[in-house]
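Student: Have a look at this prediction, sequence included:
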Amino acid sequence: MTDFPSHDIDSAPEGSKPLLEKSQAAFGRLPGLHKVMAESPQMLEGYQLLHKLFTETDFDADELTVVWQSINVEHECHYCVPAHSGIAKMMKVDDAITHALRTETPLPSDKLEALRTFTLRMVRGRGNVDDAQMSEFFAAGYGHRAVLDVILGIAQKTMSNYVNHVAETPLDDAVKPLAWTRSETPLKV
């Protein structure tokens, strides 16, 4: 792979400097993903905006984690699965949810399982879900807004997962203990 630049605030393009300062303030450090994205100020700004908007949906911390990690695991993102494991811990998401998402085993509630299943169907089907799948999602207690919010989450995570694939972003020291590789066959939905 081509070596992608990994910027700090000093080396970043001018348009990325304030965005990296925002990341530094939010995380107390510069996440490797943001350092790579900084090569394109538009990419970093778009990612930060989608992240902010997704966290402002009606999804609670458990549901946000289910959407993020379902996508990360499906895309086999070596960087985002550990990063979101750490984020889930900070958001006080039950470790059982994180474990089930990382290992593709059953989640502790039917509603969260329905959210994971729907998210995976959307990713695998490239947005094409049939009426029965949509009805199943609605029967679990979700509505049209949740469908659109899942699509928002997919847009955000596709950006980060794809960047990490092409840049081979190294894990941040803070999440190295949470390193992950897919060890089982993908979850059937």
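Tutor: Yes, it's here. Numbering: from 1, shown residues only.

Student: Centre-most residue in this structure?
Tutor: Nearest to the mean C-alpha position of the chain, counting by Cα atoms, centre = their mean, stands Trp68 at 3.6 Å.

Student: Distance of Asp3 relative to Leu178?
Tutor: Counting by Cβ to Cβ, to the nearest Å, the gap from Asp3 to Leu178 is 25 Å. (C-beta placed from N, C-alpha, C; glycine too.)

Student: So for the two, which residue has more residues nearby?
Tutor: Taking other Cβ atoms under 10 Å, Asp3 and Leu178 do not tie; Leu178 has more neighbours (18 against 7).

Student: that older thread, sec struct for the closest residue in space to the residue nearest to the centre of the chain that isn't next to it in sequence, please.
Tutor: Taking Cβ to Cβ, 6 or more residues apart in numbering as the measure, Trp68 lies nearest to His84, with 5.0 Å between them; neighbours along the chain are not counted. With DSSP: H, G, I helix; E, B strand; the rest coil as the basis, His84 sits in helix.

Student: mind checking the SS state of the residue of the chain most remote from its centre?
Tutor: Of all residues in the chain, Asp10 has its C-alpha farthest from the mean position, at 27.3 Å, by Cα atoms, centre = their mean. Taking three-state DSSP as the rule, one finds Asp10 in the coil state.

Student: Now do the helices in the protein.
Tutor: Applying DSSP state H to the chain gives helices spanning 17-27, 32-37, 41-55, 61-74, 80-90, 95-103, 110-124, 131-139, 144-167.

Student: show me what contacts Val150?
Tutor: By Cβ atoms under 8 Å, 6 or more residues apart in numbering, the contact list for Val150 reads 67, 115, 118-119, 122.

Student: Against Ala12, how distant is the closest residue to Pro170 other than its chain neighbours?
Tutor: Nearest residue to Pro170 in three dimensions, chain neighbours excluded: Gly32, at 5.8 Å (Cβ to Cβ, 6+ apart). Plainly put, Gly32 is 14 Å away from Ala12 if you go by Cβ to Cβ.

Student: Next: Val123.
Tutor: 31 Å.

Student: before we move on, what about Gln48?
Tutor: Noted for Gln48: a distance of 14 Å to Ala12, by Cβ to Cβ.

Student: Which one's more surrounded, those two?
Tutor: Shown here are Gln48 and Ala12; by other Cβ under 10 Å, Ala12 has more neighbours (24 against 17).

Student: Touching, that one and Ala38? I think so.
Tutor: Yes - counting by Cβ atoms under 8 Å, Ala12 does reach Ala38; the two are 4.4 Å apart.

Student: Common neighbours of these two, please.
Tutor: Joint contacts of Ala12 and Ala38 (Cβ under 8 Å, 6+ apart) are Leu20.

Student: Could you list the low-confidence segments of this protein?
Tutor: Counting by pLDDT under 70, the chain contains low-confidence ranges at 1-2, 184.
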